[in-house]
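Student: one predicted model, sequence on top.
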Amino acid sequence: MAQFGTIGLVGAGKMATALALAWKERGLAGKLIASDPYPSAREIFARATGATVTDENAGVLQLADVVILAIKPQKLDEVLAPLRDGVATPKLVISILAGISTARLEKALGHGRVVRVMPNTPCLVGESATGFCLGSVATQADADATRTLFGAVGRVFELPEGQLDAVTGLSGSGPAYVFQIIEAMADGGVLAGLPRDIAQSLAAQTVLGAAKMVLETGRHPGQLKDDVASPGGTTIAGLLAMEQGGVRAALMNAVMAAARRSKELGG
């Protein structure tokens with residue numbers, strides 16, 4: 001028997017589809033149902049997951065044992081205003097809306113058991129970095145459920161809610177920073193004479209391998225960097241160019257800017 005009964009998703013975009021697929025493959029959902037206003041999104045979700053789809057959000061809230069809110073943050077009040085009375089007390093509501101606090105979610109839903117989650121787009125390939133926090137009356141069982149559901153697509157970390165905007169700025173928005181780094185490294189390879197396809201593959205594999213070394217060795221990135229940078233060698237020359245270009249400061253500022261925007265979205 002599935003660990004969770006019916007899982008309903010309000011919003012059937014790419015991330016919702018990836019999550020639903022993972023839960024189906026691992027037998028975590030007895031049934032999946034999703035709502036979305038766009039016919040194309042519903043069609044793609046249904047084709048990928050074999051799940052029931054609808055354009056009526058109320059049906060998802062009424063039928064699901066666990067509800068996943070996967071809409072745009074700006075749409076929260078518009079989508080949930082007519083649904084306040086449609087959420088039964090025993091249900092768990094998990095939100096992946098950037099910046100939206102558990103207090104605001106509880107007020108919008110008229111319902112206490114809320115979990116705020118910040119996954120990222122690598123959930124599409126089973127490598128998400130996810131942070132979450134519990135609402136005011138969510139239980140330890142709700143925390144365990146969240147770890148199980150989002151552990152199906154990557155690594156999961158429970159944090160105080162005050163740190164969730166920082167999670168959004170770092171890992172939530174972080175894939176875009178890394179994609180830009182990969183693109184820039186590949187451009188450098190092309191500038192140095194490599195074919196574009198080879199340069200891009202080398203850059204992407206290098207980022208993948210470096211990240212795996214940090215996670216699997218547990219060593220500080222600075223130590224791993226020093227291992228590569230031999231005296232008077234090529235790597236230290238490249239690191240100097242990065243320092244001169246302000247790469248470190250630019251990435252720190254990117255995280256802070258995204259974290260501030262997350263707070264703004266939360267109102």
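Tutor: That came through fine.

Student: in this protein, which helix or strand is least confident?
Tutor: None of the helices or strands of the chain scores lower by mean pLDDT, DSSP states H and E than helix 76-80, at a mean of 77.

Student: what helices or strands is it leaning on?
Tutor: Applying 3 or more Cβ pairs under 8 Å, 6 or more residues apart in numbering; DSSP states H and E, we find helix 76-80 packed against helix 102-109. Every C-beta, even on glycine, is put in place using the N, C-alpha and C of the backbone.

Student: what's the helix it packs on packed up against?
Tutor: Judged by 3+ Cβ pairs under 8 Å, 6+ apart, helix 102-109 is in contact with helix 76-80, strand 92-95, strand 114-118.

Student: the first one: which residues count as buried?
Tutor: For helix 76-80, the neighbour count (16 or more other Cβ atoms under 10 Å) marks 76, 79-80 as buried.

Student: redo those as CSV? Include distance to Leu19.
Tutor: CSV is the format used below for these (distance: Cβ to Cβ, whole Å):
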residue, distance to Leu19
Leu76, 19
Val79, 18
Leu80, 20
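
Student: quick one: which of the helices and strands packed on helix 102-109 is nearest Leu251?
Tutor: strand 114-118 (18.6 Å; Cβ to Cβ).

Student: beyond that closest one, next helix or strand please.
Tutor: Of the helices and strands lying after strand 114-118 in sequence (DSSP states H and E), the nearest is strand 128-134.

Student: that following strand pairs with which strands, parallel or anti?
Tutor: Strand pairing for strand 128-134, determined by DSSP bridges: strand 114-118 (antiparallel), strand 154-158 (parallel).

Student: quick one, that strand and helix 102-109 angle?
Tutor: 70 degrees (axes from the mean of the first three to the mean of the last three Cα atoms, to 10 degrees).
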